[in-house]
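K.L.:
have a look at this prediction, sequence included:
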Amino acid sequence: MSTFGLQFKGSLNRIRNTLASSYHFCRNRRGLQGLAPYLLRAHASLRMLEHFGRMAGKPDRLFNDFLYALKVGDELENPLRRTITDKALAKDYILSRLGAGRTVPTLAVLETPKAIAAFRPDAYPVAVKPTHSSGKMIRIGSDADWQAAEPVIAAWLTHDFFTRSLERNYAGLAKRVIVEPWLDESLLFEGSVHCRAGVPKVVSMIERYSKKRQSFSTDRTPLGVSLGFPTTDFHLDEWIFFEPLLKDAAILSAELSYIRLDFYTDGRRVVFGEMTNLPAAGLGQFHPAGGEEIFSAVFFAPPP
């Protein structure tokens, strides 16, 4: 990148940081709270400009524009949004809608450094994550690994994802750590169902270890697009899980204008992991070029 490019990028970062600081200041000050939505929109618009080189358009044509509208609108303040953002409470929500045994089990929810230091799982490996954040996870395979990871895990209890992301569904969440058994190795696939207004629209599938990935419409047509990483030629041998998955997704998404439901499968059974309100903070990069248009055409298509 040229010197000018670096200077320009640095200027954008400073403006964005100033907008974020101003937003938090106004959000918490009586008499200034009316300014907070404008600062949030300015911050989100600048991030769109940085990532895509454009401002957000109408929320009914491109997927990231749809997520932008969700991010700056009022819906993320909905108590249900905050509930399902918490990784432990999301499992309770799934339990209330689908019944027991439909999520990755919970071994413990730890709330203090003392509890983290005292806890040891009965068996390894385990996955450890903050319930109130995104993109953080440690695989721990032994007591020695647990002890070595304690400082990092304890530090999560002071981490506030909302202050950085401005995703209001994270605001005020209890700071806790969840411990889960490492997922059954027979569940070879991970995936996500993108639902709009209670209707499953697109199912993304990833092989857990090769990371091959593909997206499908609900009639199982491969779309040739993916979010985050390039698509690879990918075919499923078994689709027994698919129709039950779509029915479950419709139930879980019924009260929400949008949700991404993350799951694991062996081609037959389905285990749900998390519920994601804003994939990649509404800034997801589609592959290949033009992939967002293909994905969006299916996402916004009217029911058959």
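P.N.:
It's in.

K.L.:
and residue 128, that's in a strand?
P.N.:
Yes - the assignment for residue 128 is a strand, going by DSSP: H, G, I helix; E, B strand; the rest coil.

K.L.:
what ranges do the strands span in this structure?
P.N.:
Along the chain, counting by DSSP state E, strands occupy 108-110, 126-130, 138-140, 177-181, 189-196, 199-207, 213-217, 226-227, 258-265, 270-276, 286-287.

K.L.:
and of the ones you listed, who's closest to residue 11?
P.N.:
strand 286-287 (27.4 Å; CB to CB). Every C-beta, even on glycine, is put in place using the N, C-alpha and C of the backbone.

K.L.:
if you count contacts, what does the closest one end up packed against?
P.N.:
When contacts are defined as 3 or more CB pairs under 8 Å, 6 or more residues apart in numbering; DSSP states H and E, strand 286-287 packs onto strand 226-227.

K.L.:
paired strands for the strand it packs on, with orientation please.
P.N.:
Using DSSP bridges, strand 226-227 pairs in its sheet with strand 286-287 (antiparallel).

K.L.:
need the residues that contact the partner strand.
P.N.:
225, 226, 227, 228, 229, 230, 231, 292, 295 (CB atoms under 8 Å, 6 or more residues apart in numbering).

K.L.:
so which of the strands of the chain gets nearest residue 69?
P.N.:
Once the strands of the chain are compared by CB to CB, strand 258-265 is nearest, at 9.7 Å.

K.L.:
could you check the angle that closest one makes with strand 270-276?
P.N.:
150 degrees (axes from the mean of the first three to the mean of the last three CA atoms, to 10 degrees).

K.L.:
packing partners of strand 258-265?
P.N.:
By 3+ CB pairs under 8 Å, 6+ apart, strand 258-265 packs against helix 63-72, strand 189-196, helix 242-252, strand 270-276.

K.L.:
please work out the average pLDDT along the last one.
P.N.:
Predicted confidence along strand 270-276 averages 96 (mean pLDDT).

K.L.:
okay, buried residues for stretch 142-157 please.
P.N.:
146, 153, 154, 156, 157 (16 or more other CB atoms under 10 Å).

K.L.:
before we move on, back to that, so which of the contacts of strand 286-287 is the most crowded?
P.N.:
residue 295 (26 neighbours; other CB atoms under 10 Å).

K.L.:
excluding its backbone neighbours, what's nearest that one?
P.N.:
Spatial nearest neighbour of residue 295, chain neighbours left out: residue 225 (5.0 Å); criterion: CB to CB, 6 or more residues apart in numbering.

K.L.:
repeat that for residue 103.
P.N.:
residue 91 (4.5 Å).

K.L.:
list the contacts for the one you found?
P.N.:
103, 104, 106, 272.

K.L.:
how many other residues sit next to the first one?
P.N.:
By the criterion of other CB under 10 Å, residue 103 has 19 neighbours.

K.L.:
use 15 as the first number from now on
P.N.:
OK, 15 is where the count begins now, so the last one is residue 117.

K.L.:
what about it, distance to residue 234?
P.N.:
25 Å (CB to CB, to the nearest Å).

K.L.:
out of the strands of the chain, which is closest to residue 58?
P.N.:
Closest among the strands of the chain, using CB to CB: strand 272-279, at 15.8 Å.

K.L.:
what comes into contact with that closest one?
P.N.:
80-81, 84, 98, 118, 197, 201, 203-211, 222, 255, 259, 262-263, 266-267, 284-291, 293.

K.L.:
contacts for the longest helix along the chain, please.
P.N.:
Across the chain, the longest stretch assigned as helix under DSSP state H is helix 17-41. Defining contact as CB under 8 Å, 6+ apart, one finds that helix 17-41 is touched by 15, 46-47, 49-50, 53-54, 56-57, 60-61, 63-64, 177-178, 180.

K.L.:
how about a cut-off of 6 Å?
P.N.:
Contacts to helix 17-41, defined as CB atoms under 6 Å, 6 or more residues apart in numbering, come from residues 46, 49, 50, 53, 54, 56, 57, 60, 64.

K.L.:
next one: stretch 131-140
P.N.:
With CB under 6 Å, 6+ apart, stretch 131-140 has contacts from 121, 122, 124, 153, 154, 155, 156, 164, 193, 195, 196.

K.L.:
the third one: neighbour count?
P.N.:
So that's residue 124. Counted with other CB under 10 Å, residue 124 comes out at 22.

K.L.:
tell me the contacts of it?
P.N.:
130, 133, 191.

K.L.:
what sits against the nearest residue to it once chain neighbours are set aside?
P.N.:
The spatially closest residue to residue 124, leaving aside those adjacent along the chain, is residue 191, at 4.5 Å (CB to CB, 6+ apart). Contact partners of residue 191, counting by CB under 6 Å, 6+ apart, are 124, 144, 167, 170.
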